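> how would this look folded up:
(one chain, ligands or ions: 2)
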Amino acid sequence: MANDSDPMVVVPEHALISHKLTRLRDVNSSSMLFRNLASEITQVLVAEATRDLLTVEDVRNTPLESFSGQSLAHRIGIVPILRAGLGMSDAAHKMLPMARVLHVGLYRDEETLEPVYYYDKLPTPPNIDLALVVDPMLATGGSAIAAVSRLKETGITDLRFLGLIAAPEGIAAFRAAHPDVKIWMAAIDEKLDENGYIVPGLGDAGDRIMDSI
Ligand code: PRP
Ligand code: URA
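Ligands and ions are numbered 1, 2, ... in the order given. Model (predicted):
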């Protein structure tokens, strides 16, 4: 459901998301369970965020007769922000098997909380029309802002951001930097703590995804 005050920020009201997010946050959930839950929530978010994609007529045959169906018209890209975005990209790719996956590497400096850009291999001009940027956490918003700025530099104009948990501070910063980019989140939490972590949040998403069981 769109945020009351901002139609560019969507937090779907869905019982499955609430159920799975509760277990995702739980400190006692294993890494394997965490990865599974992150994937399952991502699939719901992808379905929501792609509701309005353009389709073209696609005529096929059933075993009985010919029918006029629809196929997606966009060249879609899934852009995980390394590392933690990898916890969402496979699930998004399962939903959109025709999509390209383009990686962007960023980490947050632990002292300054500023994003440090370390990797991409993005083609210019772009080979996609629409980028779904995925990263579980939107905390200060610095990493997501930097990733979207870099994607725009390559000429991509249609971008959407999908994440699991945001802080209000990150949403505000991202909306100010990229007012044209719509956001889908499973939850918007209370605030950032003094170390830049989202509370109640889920801790360090990258560590929880990459840990052994
Ligand atoms: C986490 C998360 C985001 C970023 C969010 O990544 O996956 O990319 O922090 O914080 P921000 O909104 O304040 O920029 P992290 O820097 O921990 O790197 P990692 O994914 O490699 O663990
Ligand atoms: N990155 C995380 O992984 N978790 C937070 O709460 C904030 C940034």
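> most distant residue from the centre of the chain?
residue 64 (40.0 Å; CA atoms, centre = their mean).
> hang on, that residue in a helix?
No. Counting by DSSP: H, G, I helix; E, B strand; the rest coil, residue 64 falls outside a helix, being coil.
> and the helix ranked longest in the chain, what does it pack against?
As assigned by DSSP state H, the longest helix anywhere in the chain is helix 31-49. Where contact means 3 or more CB pairs under 8 Å, 6 or more residues apart in numbering; DSSP states H and E, helix 31-49 is packed against helix 15-25, helix 86-95, strand 130-134, strand 158-166, strand 182-188, helix 205-210. The way it works is simple: take the backbone N, C-alpha and C, and place the C-beta from them, glycine included.
> residue 38: which of the ones you listed is closest?
Residue 38 lies closest to helix 86-95 among the helices and strands packed on helix 31-49, at 4.5 Å (CB to CB).
> quick one, that closest one and strand 158-166 angle?
With axes from the mean of the first three to the mean of the last three CA atoms, to 10 degrees defining the directions, helix 86-95 sits at 130 degrees from strand 158-166.
> now do the buried residues in helix 86-95.
Residues of helix 86-95 classed as buried: 86-89, 91-93, 95 (neighbour count, 16 or more other CB atoms under 10 Å).
> quick one: which of those is nearest ligand 2?
Closest approach between the buried residues of helix 86-95 and ligand 2, by CB to the nearest ligand atom: residue 87, at 10.3 Å.
> ok, the spatially closest residue to residue 11 that is not a sequence neighbour - contacts?
Leaving out its chain neighbours, the residue that sits closest to residue 11 by CB to CB, 6 or more residues apart in numbering is residue 185, at 5.4 Å. Neighbouring residues of residue 185 by CB atoms under 8 Å, 6 or more residues apart in numbering: 9-11, 45, 138, 162-166, 171.
> next SSE after the worst-scoring helix or strand of the chain on mean pLDDT?
Least confident element among the helices and strands of the chain, by mean pLDDT, DSSP states H and E: strand 2-3 (a mean of 58). Once the chain leaves strand 2-3, the next helix or strand it forms, by DSSP states H and E, is strand 6-10.
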